[in-house]
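Colleague: Okay, sequence plus prediction incoming.
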Amino acid sequence: MTLTILGCGSALPTTRHNPTSQVLNVRDKLFMIDCGEGTQLEMRRARLKFSRLGHIFISHLHGDHCFGLFGLISTFNLLGRTAELHIHSPRGLEELMQPMLRYFCQQLTYAVIFHPFDTDRSQLIYEDRSLTVTTIPLRHRIPCCGFLFAERENPRHIRREMIDFYQVPFYLLNGIRLGNDYTTPAGEVIPCERLTTPAEPARRYAYVSDTLPLPHVVEQVKGVDLLYHEATFAESEQARARETFHTTASQAAEIASQAQVGALLVGHYSARYESEEPLLAEAKAHFPSTSLAYEGMQVEILSQAIKPLTEMWVQSSDVSLEPFD
């Protein structure tokens, strides 16, 4: 489970940060979260394969979180994509996008499927064999949700030597990995714990977009391995944060501390800050395991921790434009 930050700025564009977007890689399936301007270029620089992106989750319909969608859809069409693209968002995005798609992309090579969701309650909006995605209702100036990505429980690991010792039939192994005991032909019950070792803990990642700080968020993200929380302002701008329905870095860290998360990543910085170090210092005062998000950041999400991976973009000239498989 690897997170790549493509953009972590707020609404006003700067030369230091791109508008919000990130990609979560779960077992080579890519899930995009928000899609600000320039997202497709940052995907190229990060060497993320377009063909592995099947689902995009939009937190709300402010431009810095969705203006990159149309360009991405158009590029997929130019590259000959055939696989469906699923876009999950608050209600209203399809009505905004369809006129542009009809005008500029009259002959799409693939289907774009919109999945609207309500923002006033938490609901399961995606699931497959390895992952579920649940919305986190937020309070912003327009309907808005965050997202909780939760890995399903992993099966236990077979101890090959014990399976051979007890001569366990092959067709029973899946059940044993799921926790079943084994009964020998002589009637002896061999506990699953003797035949297997524990699986790695299922990991969870929570993304909290633009919002006032909310108590119910603490409960919904309780104990997640990594929390990304917007931290648009420093504490000196708390009045401005309330006015614009945003969170300060200190408030984001307080939520992380109360929720006992493994690590906190803050982003969505206001353009007024030439350096985000003051935001980091304020957050660390409440929650030491805080890091600043930045473009090009890639981290592996571990159980109650993160591991830094690639931290610099490759040169864009090194990136080839290959068509879809």
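Modeller: All right, it came through fine.

Colleague: Where does the prediction get shaky in this structure?
Modeller: Along the chain, segments meeting pLDDT under 70 span 310-325.

Colleague: mind checking how far the residue lying farthest from the centre of it is from Gln167?
Modeller: Of all residues in the chain, Ala186 has its C-alpha farthest from the mean position, at 50.0 Å, by C-alpha atoms, centre = their mean. Relative to Gln167, Ala186 is positioned 11 Å away (C-beta to C-beta, to the nearest Å). Every residue, glycine included, has its C-beta placed from N, CA and C.

Colleague: Pro90 too?
Modeller: For Pro90, the distance to Gln167 equals 56 Å [C-beta to C-beta].

Colleague: next one: Ile5
Modeller: Separation of Ile5 from Gln167 (C-beta to C-beta): 51 Å.

Colleague: buried sites along stretch 49-65?
Modeller: Neighbour-count burial for stretch 49-65, counted by 16 or more other C-beta atoms under 10 Å, picks out 50-51, 53, 55-62, 64-65.

Colleague: nearest to Leu124, of those?
Modeller: Of all the buried residues of stretch 49-65, Leu124 sits closest to Phe57, with 12.7 Å by C-beta to C-beta.

Colleague: And the helices in the stretch 151-300 of the chain, which stretches?
Modeller: Listed in chain order, the helices of the stretch 151-300 of the chain (DSSP state H, counting those that start in this stretch) span 160-166, 173-177, 192-195, 215-220, 238-243, 249-259, 277-286.

Colleague: most packed of those?
Modeller: Mean neighbour count, computed with mean count of other C-beta atoms under 10 Å, is highest for helix 249-259 among the helices of the stretch 151-300 of the chain, reaching a mean of 23.

Colleague: Run through who's touching it.
Modeller: By C-beta atoms under 8 Å, 6 or more residues apart in numbering, the surrounding residues in contact with helix 249-259 are 208, 213, 217-219, 221-224, 227, 229-231, 233-235, 241, 247, 264, 266, 279-280, 282-287, 289-290.

Colleague: hmm, back to that, need the helices of the stretch 151-300 of the chain in JSON lines with distance to Ile33, can you?
Modeller: Putting those into JSON lines (distance: least, C-beta to C-beta, whole Å) gives the following:
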{"stretch": "helix 160-166", "distance to Ile33": "39"}
{"stretch": "helix 173-177", "distance to Ile33": "31"}
{"stretch": "helix 192-195", "distance to Ile33": "37"}
{"stretch": "helix 215-220", "distance to Ile33": "16"}
{"stretch": "helix 238-243", "distance to Ile33": "22"}
{"stretch": "helix 249-259", "distance to Ile33": "17"}
{"stretch": "helix 277-286", "distance to Ile33": "21"}
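
Colleague: re earlier: among Pro90 and Gln167, which residue is more densely surrounded?
Modeller: Pro90 (18 against 9; other C-beta atoms under 10 Å).

Colleague: ok, what's across the strand from the more buried one?
Modeller: Under DSSP bridges, the beta-bridge partners of Pro90 are Phe117.

Colleague: mind checking how far it is from Phe31?
Modeller: 17 Å.

Colleague: do Gln238 as well
Modeller: Remark: distance between Gln238 and Phe31 (C-beta to C-beta) = 33 Å.

Colleague: What are the structural domain limits within this structure?
Modeller: For the chain, automatic domain parsing gives the domain ranges 2-154+200-318, 155-199.

Colleague: most packed of those?
Modeller: Most buried of the domains of the chain, by mean neighbour count (mean count of other C-beta under 10 Å): domain 2-154+200-318, with a mean of 19.

Colleague: And that domain, how far out from the chain middle?
Modeller: Centre-to-centre, domain 2-154+200-318 and its host chain are 6 Å apart (C-alpha atoms, centre = their mean, to the nearest Å).

Colleague: With just CA atoms, put stretch 94-109 into PDB.
Modeller: The C-alpha coordinates for stretch 94-109 follow below in PDB (Å, rounded to 0.1, in the frame of the first residue of the first chain):
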ATOM      1  CA  GLU A  94     -21.800  14.100 -13.900                       C
ATOM      2  CA  GLU A  95     -24.000  17.100 -14.900                       C
ATOM      3  CA  LEU A  96     -21.000  19.300 -15.000                       C
ATOM      4  CA  MET A  97     -18.800  16.900 -17.000                       C
ATOM      5  CA  GLN A  98     -21.200  15.500 -19.600                       C
ATOM      6  CA  PRO A  99     -21.500  18.700 -21.800                       C
ATOM      7  CA  MET A 100     -17.700  18.900 -22.100                       C
ATOM      8  CA  LEU A 101     -17.400  15.200 -22.800                       C
ATOM      9  CA  ARG A 102     -20.100  15.400 -25.500                       C
ATOM     10  CA  TYR A 103     -18.300  18.400 -27.100                       C
ATOM     11  CA  PHE A 104     -14.600  17.500 -26.800                       C
ATOM     12  CA  CYS A 105     -14.700  13.700 -26.600                       C
ATOM     13  CA  GLN A 106     -17.400  12.700 -29.000                       C
ATOM     14  CA  GLN A 107     -15.900   9.300 -29.700                       C
ATOM     15  CA  LEU A 108     -14.600   8.100 -26.400                       C
ATOM     16  CA  THR A 109     -12.800   4.700 -26.700                       C
END
